[in-house]
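Visitor: predicted structure and sequence below. I'll ask about it afterward.
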Amino acid sequence: MRSWKCQKASVPVHPTYVLVHGAFANSFSFAPLQAELGLLGHRSVAVDLPGHGFGATYPAAYQAPQDPAGLASTPGAIKGVTLADNAEHLIGVLERAKENGPVVLVSHSRGGATATAAANQRPDLIDHIVYVASWCPVDLTVGAYYAEPEMAEVDAASLGLAMAGDPAELGLLRVNFRTADEKALDAFRAAFLADGTDDEFRTFLNTFQPDENLDVGTEDDRAQAATWGRIPRTYVRLARDTSLPPALQDRLIREGDALTPDNPYRVRTLDSSHLKWLVDPEPAARVLAELAELV
C-alpha cells in the first residue's frame with residue numbers, strides 16, 4: 001500500500017485564486033464567481049480588506065427609516081485605514097495561501113492599488129497577478145489619473161449625490177447606497193451596471209457597504225519594475241466599463257508593458273460593465289481558469 005505522503009505527491013497542485021474587492025465592496029460580491037471557479041475545479045479565497053465585510057460599520061441610522069443626521073455623524077471603523085494597512089492584510093492572506101501551492105492574485109477596481117502595493121513588497125508570494133478593470137498605477141498616482149483625458153467622461157461626482165457627512169470630519173468616505181433619490185440611483189446604475197436588470201442593480205447595490213477609506217496611495221505605491229514587474233500578469237479589460245473606461249484600462253496596460261517590456265500583460269476582454277462580470281461570472285471564471293496552466 002502506498003503511503004499517504006506518496007499519494008499526496010501524485011495529486012496535481014492547483015493554484016489558489018486570491019480575490020481582492022474594490023471600493024465600498026467586500027468578499028460577498030465574489031460569491032457567484034467563487035461558485036463558478038469551484039465548479040471548474042479551482043479553489044479561491046475572497047479577501048475582506050480592513051474595515052470591510054463583517055468588519056464594516058453599518059450605522060443604525062443607515063436602516064429604514066433612515067436618520068440623515070445620524071448617518072452623517074456616526075463614526076466608522078474604517079477611519080484611519082491606509083493603503084499600507086490593506087497591503088499588509090493582503091500579504092498575510094497571500095502568505096497563508098502560498099503554503100498550499102501557487103497563488104493567482106486577482107483584483108478588481110480600487111483593489112488593484114492594494115494588489116500592486118502587495119506585489120511591490122512580496123513578489124515571491126504571487127505566481128500570477130490579474131487586474132480586472134483594476135487600478136495598476138505606473139506613471140501617475142491613482143488620484144492623478146482622474147485629471148487625464150481617458151477619464152474625462154467619468155462622472156466622478158456621482159457618489160457625491162448620495163454622500164453622507166463630511167469626509168474630512170468623519171475621516172472616511174460615506175455614501176448612502178440605500179438612498180431613494182432617483183438621480184443618484186440613475187448615476188450609480190450608469191457607472192456600475194448599465195447592462196444589468198433593475199433587480200440585479202438593486203441586489204448588487206445592497207451588497208455595498210456605506211464606508212470606504214480615504215487613502216489610495218502615493219507615488220511610492222506605483223508599480224515597481226524590480227518587484228511587481230517580475231510577476232507574470234494578465235489584464236482583463238471590461239469593454240462596457242464607464243467607471244474605469246477601456247481607454248484608461250488600455251493606458252494602464254501600455255504603461256505596465258513599457259515599464260517591463262520583457263514581461264508584458266496577457267490581455268483578455270469581457271463584454272461587461274464594471275460589475276456585470278460578477279453578476280454573470282461564468283465567462284470570467286473560464287478566463288481565470290486558463291491561468292492554472294501557466295503557474
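Guide: Arrived safely.
Visitor: to the chain's geometric centre, what's the distance from stretch 77-88?
Guide: Its chain's C-alpha centre and that of stretch 77-88 lie 15 Å apart, by C-alpha atoms, centre = their mean, to the nearest Å.
Visitor: for that stretch, which positions count as buried?
Guide: 78, 81, 83, 85-87 (16 or more other C-beta atoms under 10 Å). Any C-beta I mention is one placed from the backbone N, CA and C, and that applies to glycine too.
Visitor: packing partners for the longest helix along the chain?
Guide: When the chain is parsed with DSSP state H, its longest helix is helix 83-98. Counting contacts by 3 or more C-beta pairs under 8 Å, 6 or more residues apart in numbering; DSSP states H and E, helix 83-98 packs against strand 16-20, strand 43-47, strand 103-109, helix 111-121.
Visitor: need the next SSE after the second one, C-terminal direction.
Guide: When you say that, I think you mean strand 43-47. Proceeding N to C from strand 43-47, the next assigned helix or strand is helix 68-73, under DSSP states H and E.
Visitor: what do you get for the last one?
Guide: Scanning forward in sequence from helix 111-121 by DSSP H and E, the next helix or strand is strand 128-134.
Visitor: re earlier: how about the helices and strands packed on helix 83-98 in a markdown table, adding mean neighbour count, distance to residue 135 and mean pLDDT?
Guide: Listed next are those as a markdown table, based on neighbours: other C-beta atoms under 10 Å; distance: least, C-beta to C-beta, whole Å; pLDDT from 0 to 100:
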| stretch | mean neighbour count | distance to residue 135 | mean pLDDT |
| --- | --- | --- | --- |
| strand 16-20 | 26 | 11 | 98 |
| strand 43-47 | 20 | 16 | 98 |
| strand 103-109 | 27 | 7 | 98 |
| helix 111-121 | 26 | 4 | 98 |
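Visitor: any chance of CSV for those, columns distance to residue 186?
Guide: Below are the helices and strands packed on helix 83-98 laid out as CSV (distance: least, C-beta to C-beta, whole Å):
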stretch, distance to residue 186
strand 16-20, 29
strand 43-47, 29
strand 103-109, 20
helix 111-121, 26
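Visitor: closest to residue 37 out of the buried residues of stretch 77-88?
Guide: Distance to residue 37 across these (C-beta to C-beta) is lowest for residue 86, with 22.9 Å.
Visitor: where's the closest one relative to residue 236, distance?
Guide: Noted for residue 86: a distance of 21 Å to residue 236, by C-beta to C-beta, to the nearest Å.
Visitor: cool, and residue 207?
Guide: 21 Å.
Visitor: neighbour count for those two, which is higher?
Guide: residue 236 (24 against 17; other C-beta atoms under 10 Å).
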